[in-house]
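>>> Predicted model follows, preceded by the sequence.
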Amino acid sequence: MIKRNKLFGNKTRVTFCLPVNQPAGPVSVVGTFNGWEPGAHELKPRRDGTRTVSVTVPPGSYQFRYLATDGHWFDDENADGFGPHGGEIRV
């Protein structure tokens with residue numbers, strides 16, 4: 001799941017959400033908003049059985065994917081679209 005919240009000014013907080021154990025192990029979201037840096041935005045467990053991470057971005061279009069243990073890359077089915085580098089979000 002991907003949630004968007006407008007912030008003061010022209011920024012938007014985008015929250016990426018996955019089930020706590022699917023896939024097992026650490027997962028980070030990487031994309032054009034963080035220079036594709038693994039581990040920069042690792043999803044953290046929440047009490048409701050999910051794990052999330054939020055990033056704040058200006059208006060635009062961003063490519064992203066999830067990176068799990070052992071170099072397993074995967075996409076979010078809730079992305080706004082898909083391109084050659086994975087999912088896309090538009091804010």
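Structure received. Residues are numbered from 1 along each chain as shown.
>>> can you give me the strands in this structure?
Taking DSSP state E, the strands of the chain run over residues 2-6, 12-19, 27-31, 44-45, 50-57, 61-68, 72-74, 81-83, 86-90.
>>> tell me the contacts of Pro58?
Taking Cβ atoms under 8 Å, 6 or more residues apart in numbering, we find Pro58 in contact with 10-12, 91. The way it works is simple: take the backbone N, C-alpha and C, and place the C-beta from them, glycine included.
>>> If we use 10 Å, what do you get?
By Cβ atoms under 10 Å, 6 or more residues apart in numbering, the contact set of Pro58 is 9-12, 33, 91.
>>> gap between it and Phe33?
Separation of Pro58 from Phe33 (Cβ to Cβ, to the nearest Å) stands at 9 Å.
>>> for Arg47, same thing?
Distance from Arg47 to Phe33, counting by Cβ to Cβ: 27 Å.
>>> what touches both of Pro58 and Phe33?
Overlap between the contact sets of Pro58 and Phe33, as judged by Cβ under 10 Å, 6+ apart, is given by Val91.
>>> hang on, the earlier thing: check the strands of the chain for me and report the most buried one.
Ranked by mean neighbour count, the strands of the chain are led by strand 27-31 with a mean of 22 (mean count of other Cβ atoms under 10 Å).
>>> Off-centre distance for that strand?
From the chain centre to the centre of strand 27-31 is a distance of 6 Å (Cα atoms, centre = their mean, to the nearest Å).
>>> which other helices and strands contact that strand?
With contacts defined as 3 or more Cβ pairs under 10 Å, 6 or more residues apart in numbering; DSSP states H and E, strand 27-31 has these neighbours: strand 12-19, strand 50-57, strand 61-68, strand 72-74, strand 86-90.
>>> and that strand, C-alpha only, in PDB?
The C-alpha coordinates for strand 27-31 follow below in PDB (Å, rounded to 0.1, in the frame of the first residue of the first chain):
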ATOM      1  CA  VAL A  27      13.200  -4.500   3.300                       C
ATOM      2  CA  SER A  28      14.000  -1.100   2.100                       C
ATOM      3  CA  VAL A  29      12.400   1.100  -0.500                       C
ATOM      4  CA  VAL A  30      14.900   2.500  -3.000                       C
ATOM      5  CA  GLY A  31      14.300   4.800  -5.900                       C
END
